[in-house]
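**Q** below is the sequence, then the predicted model.
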Amino acid sequence: MIKETVIATIQDVVDSFSDAENVKIDENSELFGKNSIIDSMTLVSIIVDIEELFSDKYNKEICLTDDRAMTREQSPFDSVKTLIDYIEEITKK
């Protein structure tokens, strides 16, 4: 459920870019860094979208930008996979 939700949310945002035709989002897609197809403002928008989706659709409140996320050795926002892993970690509690 988490993997599919995250990938679909990011894909929806990327599909709205006119210059991102035929870009397919998967677990290996970079979210932040030189090889990312999104900028930092778009990443913030994706984070908000995912938080709202989990609240509305799954009745699960998550915060992806708390101290726990920001102080990790590996950022949850490096790639789709690291974001999925982080969401799985915080939703198990």
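**A** Okay, I see it. Numbering: from 1, shown residues only.

**Q** can you check which helix is longest in this protein?
**A** Looking across the chain with DSSP state H, the single longest helix is helix 40-58.

**Q** check which helices and strands it sits against.
**A** Using 3 or more Cβ pairs under 8 Å, 6 or more residues apart in numbering; DSSP states H and E, the elements in contact with helix 40-58 are helix 2-15, helix 80-91. C-betas here are computed from N, CA, C, even on glycine.

**Q** for Gln74, find the nearest of those.
**A** Among those, helix 80-91 comes nearest to Gln74, with 6.2 Å by Cβ to Cβ.

**Q** buried residues in the closest one?
**A** Judged by neighbour count (16 or more other Cβ atoms under 10 Å), helix 80-91 contains these buried residues: 80-87, 90.

**Q** which other helices and strands contact it?
**A** Using 3+ Cβ pairs under 8 Å, 6+ apart, helix 80-91 sits against helix 2-15, helix 40-58.

**Q** if we use 10 Å, what do you get?
**A** Helix 80-91 sits against helix 2-15, helix 40-58, helix 67-70, with contacts defined as 3 or more Cβ pairs under 10 Å, 6 or more residues apart in numbering; DSSP states H and E.
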